[in-house]
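Enquirer: sequence unknown, structure follows:
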């Protein structure tokens, strides 16, 4: 029987019971047996239930535990050596214990060495100086606020000029069955290492949260470099004394062509007069779900055309071998690290 318990027979009610809480009296017989029968023969013949029920005493009085465990008192010597726990005594002892000495903290201000190129301030805290410099800039969160300032209007004009120079869209009438995607401006500032202002930046972003799978996007996965690969390349360049270069691709997501047909509402003030025309995207745009994947596919295809080999262990790692040495290129979204032993090609 598949039961999680012991199957017991109740001779009084002639029923079987299943229970997990069972006490076994291994030193007593279920049926009363005389001592002569047990001593004369090792085989005991159990009588039937009908013959013995009349002579049986109540089960509760006959069956008692054969072994009873009692807790022994502790010796007096142990009581003296290890006194019994008393909460009141614990409180008294805790008051009597002197407080632990406080941990000494260093008051020295940590300043990075000058050879690392970190900015310094009068207080010696470069992080505080950079944070204070960033807090002086007001970054707009909407177009209406940014349009009131010349610096942000100039940044938006530069963003539109870059999109038009890249032929990002075509101005066409919107089909009646298509709902165009929205867009918005995202504003940020670029600062130098000393906290001073470098430039104002405005980026037009498509509202990709309104895209529908199978309609205007499909695959979205784009591989990025593994941190293990990054550490390995840096360690290899340091141990082999290779030159190390880092570069950032400007407007990386604007350099790939779109396979899907996507219509987007024009950004504010793109047209001087109101119109029903919309922007049909030819190239990818920041904010689209497939933008990272389209950029990586375009970058990978271009490198393979220049005889680079893509690693099988990390798809973001590309190798180029020649008689003069090797060139290692690692891409993480739009950040690229280049190193190798072929100094002529790297130079």
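Expert: Cool, the structure landed. Keep in mind it's a predicted model, so treat the numbers as computed, not measured.
Enquirer: Show me the shaky parts of the stretch 51-200 of the chain.
Expert: Applying pLDDT under 70 to the stretch 51-200 of the chain flags the ranges 51-98, 111-134.
Enquirer: which residue ranges form the strands in it?
Expert: Secondary structure of the stretch 51-200 of the chain by DSSP state E, counting those that start in this stretch: the strands cover 169-173, 183-191, 197-206.
Enquirer: ok, how many other residues are close to residue 313?
Expert: Using other CB atoms under 10 Å, residue 313 is surrounded by 8 other residues. Every C-beta, even on glycine, is put in place using the N, C-alpha and C of the backbone.
Enquirer: Test my guess that residue 220 contacts residue 296.
Expert: No. Counting by CB atoms under 8 Å, residue 220 sits too far from residue 296 to count as a contact (11.1 Å).
Enquirer: For those two, indicate the residue with more neighbours.
Expert: Between residue 220 and residue 296, counted using other CB under 10 Å, the more crowded position is residue 296 (21 against 15).
Enquirer: What distance do you get for that one to residue 9?
Expert: Note on residue 296: its distance to residue 9, by CB to CB, to the nearest Å, is 75 Å.
Enquirer: Show me the beta-bridge partners of the residue lying closest to residue 248 once chain neighbours are set aside.
Expert: Of all residues not flanking residue 248 in the chain, residue 335 sits nearest, at 5.6 Å (CB to CB, 6 or more residues apart in numbering). Counting by DSSP bridges, residue 335 forms beta bridges with residue 248, residue 332.
Enquirer: so who does residue 335 touch?
Expert: For residue 335, the contacting residues are 246-249, by CB atoms under 8 Å, 6 or more residues apart in numbering.
Enquirer: follow-up on the earlier one: deepest-packed of the strands of the stretch 51-200 of the chain, please.
Expert: Greatest average neighbour count among the strands of the stretch 51-200 of the chain goes to strand 197-206 (a mean of 18), per mean count of other CB atoms under 10 Å.
Enquirer: That one to strand 183-191, inter-axis angle?
Expert: Orientation note: strand 197-206 sits at an angle of 160 degrees relative to strand 183-191 (axes from the mean of the first three to the mean of the last three CA atoms, to 10 degrees).
Enquirer: Tell me how many other residues crowd the closest residue to residue 315 other than its chain neighbours.
Expert: For residue 315, ignoring the flanking residues on the chain, the nearest one in space by CB to CB, 6+ apart is residue 223 at 4.6 Å. Close neighbours of residue 223, defined as other CB under 10 Å, add up to 14.
Enquirer: And the one 5 residues further on, by the same measure?
Expert: Other residues within reach of residue 228, judged by other CB under 10 Å, total 10.
Enquirer: Distance-wise, check it relative to residue 280.
Expert: As defined by CB to CB, residue 228 lies at a distance of 42 Å from residue 280.
Enquirer: repeat for residue 9
Expert: Computed as CB to CB, the residue 9 to residue 280 distance reads 86 Å.
Enquirer: Then residue 18?
Expert: Using CB to CB, residue 18 is found at 75 Å from residue 280.
Enquirer: related to what we said a few turns ago, higher neighbour count, residue 9 and residue 280?
Expert: Ranked by neighbour count (other CB under 10 Å), residue 9 and residue 280 place residue 280 first, with 19 against 11.
Enquirer: That one sits in which helix or strand?
Expert: strand 277-281 (DSSP states H and E).
Enquirer: so where do the helices sit in the stretch 201-347 of the chain?
Expert: For the stretch 201-347 of the chain, the helices defined by DSSP state H, counting those that start in this stretch cover 227-240, 291-305, 343-346.
Enquirer: Check these for me: which has the lowest mean pLDDT.
Expert: When the helices of the stretch 201-347 of the chain are compared on mean pLDDT, helix 343-346 scores lowest, with a mean of 78.
Enquirer: for that helix, packing partners?
Expert: If you count contacts as 3 or more CB pairs under 8 Å, 6 or more residues apart in numbering; DSSP states H and E, helix 343-346 packs onto strand 335-340.
Enquirer: I am finished for the moment; much appreciated.
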